[in-house]
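S.K.: sharing a model that was predicted from the sequence below.
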Amino acid sequence: MDDEVSVSEECGRRRKVHGMLKLFYGLNEEGKAPEQPQSLDPCDINGPHFDPELYLNKLRRECSLAELMDHETCMVKQIRSLDSDMQTLVYENYNKFISATDTIRKMKNDFKKMEDEMDCLSANMAAITDFSASISGTLQDQHAQITKLSGVHTLLRKLQFLFELPARLNKCLELQAYAQAVSSHRRARCVLQQYSHLPSFKGIQDDCNSIIEKLAQELRQKFRWETFKVRNVLLRGK
């Protein structure tokens, strides 16, 4: 509670000091001199044309000794008060200047630290970029190899299908899966014709053609049998 009272009294004293200085220098609340006509009286102590000799002569003529002593005492008090106020403002401004200097020095150190951290971050980012480029190059080579192996795997599957085609057709013929046999043969027929000059493919083509011919014979026989049954049914109906 005492600290709050002390702070309040200190703020009040400062406002009073500032007010007295504004009053002395003729400043308004905004810190600017009010617009008013300048005094041309050389005895006006606050005027721009003040003449101390004329002012003192005027006081000696118009004032008694007691009034002169009172006036001197009053002026001495005002001068001392203004000197004290000026010293207070100088001290406060000096403290603010010191505080601002410390703040600027601290900001400079902080910016230097931040600059070092940014340089370190930039170096790390450059290293990461190089490492990423190296990984990309390695993966690109591996991707090319994988693509090549995938092509080889696809070709091997096709070759496996061709080599297994005669057995597949025989199985379909055994199960009477004629449609599946015809579909499988149609898938391989173009390839077999294209590479029929090779002995291995020529053998596969001959075996497939033989099986397909056998399938065709069975289908023709089934067709004749079905036609014969239909004819007998029609004759019986008559």
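M.R.: Great, that's in hand.
S.K.: mean confidence score for the helix ranked longest in the chain?
M.R.: With secondary structure taken from DSSP state H, the chain has its longest helix at helix 65-175. Averaging pLDDT along helix 65-175 gives 83.
S.K.: what do you get for stretch 181-191?
M.R.: 83.
S.K.: next one: that stretch to chain centre, how far?
M.R.: Chain-centre distance of stretch 181-191: 57 Å, with CA atoms, centre = their mean, to the nearest Å.
S.K.: that stretch: which residues count as buried?
M.R.: 181-182, 184-185, 188, 191 (16 or more other CB atoms under 10 Å). To be clear about C-beta, it is placed using only N, CA and C from the backbone, and glycine gets the same treatment.
S.K.: ok, residues contacting it?
M.R.: Under the contact criterion CB atoms under 8 Å, 6 or more residues apart in numbering, stretch 181-191 has outside partners 158, 161-162, 165, 168-169, 172-173, 201, 208, 211-212, 215.
S.K.: now, of the residues you listed, which are buried?
M.R.: By 16+ other CB under 10 Å, the contacts of stretch 181-191 give 162, 165, 168-169, 172-173, 201, 208, 211-212, 215 as buried.
S.K.: can you redo those residues as a markdown table with distance to Ser134?
M.R.: Formatted as a markdown table, the buried ones among the contacts of stretch 181-191 follow (distance: CB to CB, whole Å):
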| residue | distance to Ser134 |
| --- | --- |
| Leu162 | 43 |
| Leu165 | 47 |
| Arg168 | 48 |
| Leu169 | 52 |
| Cys172 | 54 |
| Leu173 | 58 |
| Phe201 | 45 |
| Cys208 | 51 |
| Ile211 | 56 |
| Ile212 | 56 |
| Leu215 | 59 |
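S.K.: between those residues, which is nearest Ala144?
M.R.: Of all these, Ala144 sits closest to Leu162, with 27.3 Å by CB to CB.
S.K.: for that closest one, give its distance to Phe111.
M.R.: With the distance defined as CB to CB, to the nearest Å, Leu162 ends up 74 Å from Phe111.
S.K.: is Leu59 within a helix or a strand, and which one?
M.R.: Using DSSP states H and E, Leu59 falls within helix 52-62.
S.K.: outside of that helix, which residues touch it?
M.R.: Here helix 52-62 makes contact (CB under 8 Å, 6+ apart) with 42-43, 45, 68, 71.
S.K.: relative to helix 65-175, how tilted is that helix?
M.R.: Counting by axes from the mean of the first three to the mean of the last three CA atoms, to 10 degrees, helix 52-62 lies at 130 degrees to helix 65-175.
S.K.: average pLDDT for helix 52-62?
M.R.: Rounded mean pLDDT across helix 52-62 is 82.
S.K.: need the CA coordinates for it. CSV is fine.
M.R.: Provided in CSV are the C-alpha atoms of helix 52-62 (Å, rounded to 0.1, in the frame of the first residue of the first chain):
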residue,chain,number,x,y,z
PRO,A,52,17.8,43.3,-18.2
GLU,A,53,19.4,46.8,-17.8
LEU,A,54,16.1,48.5,-18.5
TYR,A,55,14.2,46.0,-16.3
LEU,A,56,16.5,46.6,-13.4
ASN,A,57,16.3,50.4,-13.8
LYS,A,58,12.5,50.2,-13.9
LEU,A,59,12.5,48.2,-10.7
ARG,A,60,14.8,50.6,-8.9
ARG,A,61,12.7,53.5,-9.9
GLU,A,62,9.3,52.0,-9.1
